[in-house]
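> Mind folding the following:
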Amino acid sequence: MRIVIAGAGPAGMVVARTMVERGHDVIVLEKRNVPGGKVSAWQDADGDWIESGLHVFFGAYHNLLAFLDRYGLGNTFNWKPAEMIFVSERHGLAPIRFVPWLPTPFNGLAGVLAFKPLSLGDKLRMGLGLLRVIFGDQKYVDEQDHETYASWHLRHGMGQRSLDEVMHTMALALNFQRADRVSAKLPLTAMLHFAHEKEAPRMALVKGSPDTNIWRPLIAQIERLGGRVELNARVVAIEYDQETNQVTGFRLADGRLVTGDVYVSAMPVHNLRKVIPPALRELPYFANLSHLKGSPVITMQLFFDRRIAGVDNLLFSAGTHLSVYADMAMVAPEYHKGERSIMQFVVAPAAELINLPDDELVQFVMSEFVRLHPNAREAKLLKHTIVRIPNSVYQALPGVDQYRPDQATPVRNFFLAGDYTRQHFLASIEGAVISANRCVERITEAQARGDLVLQPYFVAAAD
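Residues are numbered from 1 along each chain as shown. Now for the predicted structure:
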């Protein structure tokens, strides 16, 4: 079969690599000039790497890690201790460390017990409030999608301080929204994995650029097996035959029509909505996609003339817009700049900041950063980079989970992959990989049922 995939992000690349290994003819169409989607990176004029986000990976990412191991990319990450380091003006650096010699879930509870921003009463209330999750299952977590995490947290008696000091930050790191906006299912899913799996809280970053460490090697493997990855190939329309209920091609911005037997959209959901043909828009399956709206987020890099934070790990901050950040010169060995810091920030919530001019945005981030790290006042800012993403992962608002679509659409030869589609995990690179695996399963099932009719395919110019 020829499989045409729109989108070279994690989901599209996993589908492509898996299917090309099974002997299928694979074409990946990517609108940008770099692969990787939300996990992309590219070089600026100075040769420094710019990343589309602070790409954090967890030990709980079993599907991603298995995929990379399978294709010889298991040595991609620089692993950090299982701890979350919070930074505040009042408490400085305050870690929650998962105690390695204790079994789950006591390794995490012991870490919370030593967390100095919370009083003993706060810690006890938080421990008791989380018992239902710690000893629960995914079914219970799924049932909490109807309310915000903040509501769930307070309803279980954990109090405002632990919400302010820990959980708002955790929600921002997961979905770029505060805990009073995100569904309770989102943080609870993460905590469920942390409570049940010893390795789940371990964090890692790519040793350098995900472009050179993950995506370019995968492209080389795909092309070596006869597949093709086209960059600068933007899909502007999905051609559809209502009579046969089949997609007949992906129309590109340059006018070409790329055809095949099976079509996969691995585009972000907001881009998919733009190209759905009118004949399909009214179907509930596709109409429900309007409920999945992207979270705005900003990634900023500040290059300094000296070392600032001095921490070889991720940093989380409460009560600021710097939800999570790291010194890339320390956490990613290939970015090493001697004693110079490359501070990379996830700036969220970003709805009110994303349209600020660059100089105002840099000033805003610097003001918050200096509050957390006063020694930054003495440093010289050499340069900055800013990446604005108006639509990142879908906003996991209460009640939205029910609208996430299955990977098999009502169209017999059209399938979806992406972290917004139905799968048990978070909107993340792990969620994208799970969705890709499910997409491959759906295609295989349709082929086994005889639902896929092989067609003549071609790449044609516009009429």
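> C-alpha from now on. contacts and neighbour counts both.
Noted.
> how long is stretch 38-48 from one end to the other?
Using C-alpha to C-alpha, to the nearest Å, the end-to-end distance of stretch 38-48 comes to 19 Å.
> Of all the residues in it, which ones are buried?
38-42 (16 or more other C-alpha atoms under 10 Å).
> Could you export the residues you listed as a markdown table, including pLDDT, distance to residue 190 and secondary structure?
Output for these, formatted as a markdown table (pLDDT from 0 to 100; distance: C-alpha to C-alpha, whole Å; DSSP: H, G, I helix; E, B strand; the rest coil):
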| residue | pLDDT | distance to residue 190 | secondary structure |
| --- | --- | --- | --- |
| 38 | 95 | 20 | helix |
| 39 | 96 | 20 | helix |
| 40 | 97 | 24 | coil |
| 41 | 97 | 26 | strand |
| 42 | 97 | 30 | strand |
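> Looking at the residues you listed, spot the one nearest residue 148.
Relative to residue 148, the closest of the buried residues of stretch 38-48 is residue 38; by C-alpha to C-alpha it sits at 25.3 Å.
> If you drop the residues flanking it in sequence, what lies closest to that closest one?
Excluding the flanking residues, the one nearest residue 38 by C-alpha to C-alpha, 6 or more residues apart in numbering is residue 52, at 6.2 Å.
> Repeat that for residue 377.
With C-alpha to C-alpha, 6+ apart, the residue lying closest to residue 377 is residue 370, at 6.4 Å.
> now swap in residue 432 and tell me
Residue 432 sits nearest to residue 419 (C-alpha to C-alpha, 6+ apart), 4.1 Å away.
> Around the one you found, how many other residues sit close by?
28 (other C-alpha atoms under 10 Å).
> That one touches residue 439, doesn't it?
No: using C-alpha atoms under 8 Å, residue 419 is not in contact with residue 439, being 11.3 Å away.
> Could you pull out the buried residues of stretch 275-290?
275-276, 280, 286, 288-289.
> before we move on, back to that, would JSON lines of the buried residues of stretch 38-48 with distance to residue 451 be doable?
Shown next, in JSON lines, are these (distance: C-alpha to C-alpha, whole Å):
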{"residue": "38", "distance to residue 451": "33"}
{"residue": "39", "distance to residue 451": "34"}
{"residue": "40", "distance to residue 451": "35"}
{"residue": "41", "distance to residue 451": "38"}
{"residue": "42", "distance to residue 451": "41"}
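> Run a quick neighbour tally on the residue nearest to residue 377.
15.
> quick one: low-confidence ranges for this structure?
455-463 (pLDDT under 70).
> Which residue ranges make up each domain of it?
2-38+210-292+398-460, 104-196, 297-389 (automatic domain parsing).
> quick one, which of the ones you listed is nearest to residue 86?
Per C-alpha to C-alpha, nearest to residue 86 of the domains of the chain: domain 297-389, 4.6 Å.
> chain center to the closest one: distance?
19 Å (C-alpha atoms, centre = their mean, to the nearest Å).
> Now do the end-to-end distance for that domain.
5 Å.
> repeat for stretch 127-137
Terminal-residue distance, stretch 127-137 (C-alpha to C-alpha): 17 Å.
> how about JSON lines for the domains of the chain, with distance to residue 74 added?
Shown next, in JSON lines, are the domains of the chain (distance: least, C-alpha to C-alpha, whole Å):
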{"stretch": "domain 2-38+210-292+398-460", "distance to residue 74": "10"}
{"stretch": "domain 104-196", "distance to residue 74": "21"}
{"stretch": "domain 297-389", "distance to residue 74": "16"}
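> nearest to residue 66, of those domains?
Taking the domains of the chain one by one with C-alpha to C-alpha, domain 2-38+210-292+398-460 is closest: 10.1 Å.
> which stretches of the stretch 51-200 of the chain form strands?
56-58, 77-80, 83-88, 92-97 (DSSP state E, counting those that start in this stretch).
> right, I mislabeled it, should have said the stretch 251-400 of the chain
For the stretch 251-400 of the chain, the strands defined by DSSP E, counting those that start in this stretch occupy 257-258, 262-265, 297-304, 315-317, 322-327, 342-347, 381-389.
> got CSV for these, with mean neighbour count and distance to residue 168 too?
CSV is the format used below for the strands of the stretch 251-400 of the chain (neighbours: other C-alpha atoms under 10 Å; distance: least, C-alpha to C-alpha, whole Å):
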stretch, mean neighbour count, distance to residue 168
strand 257-258, 22, 45
strand 262-265, 26, 33
strand 297-304, 23, 16
strand 315-317, 25, 10
strand 322-327, 25, 9
strand 342-347, 25, 14
strand 381-389, 16, 21
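> Make CSV from the ones you listed and add distance to residue 174 to it.
Below are the strands of the stretch 251-400 of the chain laid out as CSV (distance: least, C-alpha to C-alpha, whole Å):
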stretch, distance to residue 174
strand 257-258, 36
strand 262-265, 24
strand 297-304, 12
strand 315-317, 12
strand 322-327, 10
strand 342-347, 11
strand 381-389, 15
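> Which one of those lies nearest to residue 400?
Of all the strands of the stretch 251-400 of the chain, strand 297-304 comes closest under C-alpha to C-alpha, at 19.5 Å.
> Relative to the whole chain's centre, how far out is the helix or strand where residue 217 lies?
In this structure, residue 217 sits in helix 216-224 according to DSSP states H and E. The chain centroid and the centroid of helix 216-224 are separated by 22 Å under C-alpha atoms, centre = their mean.
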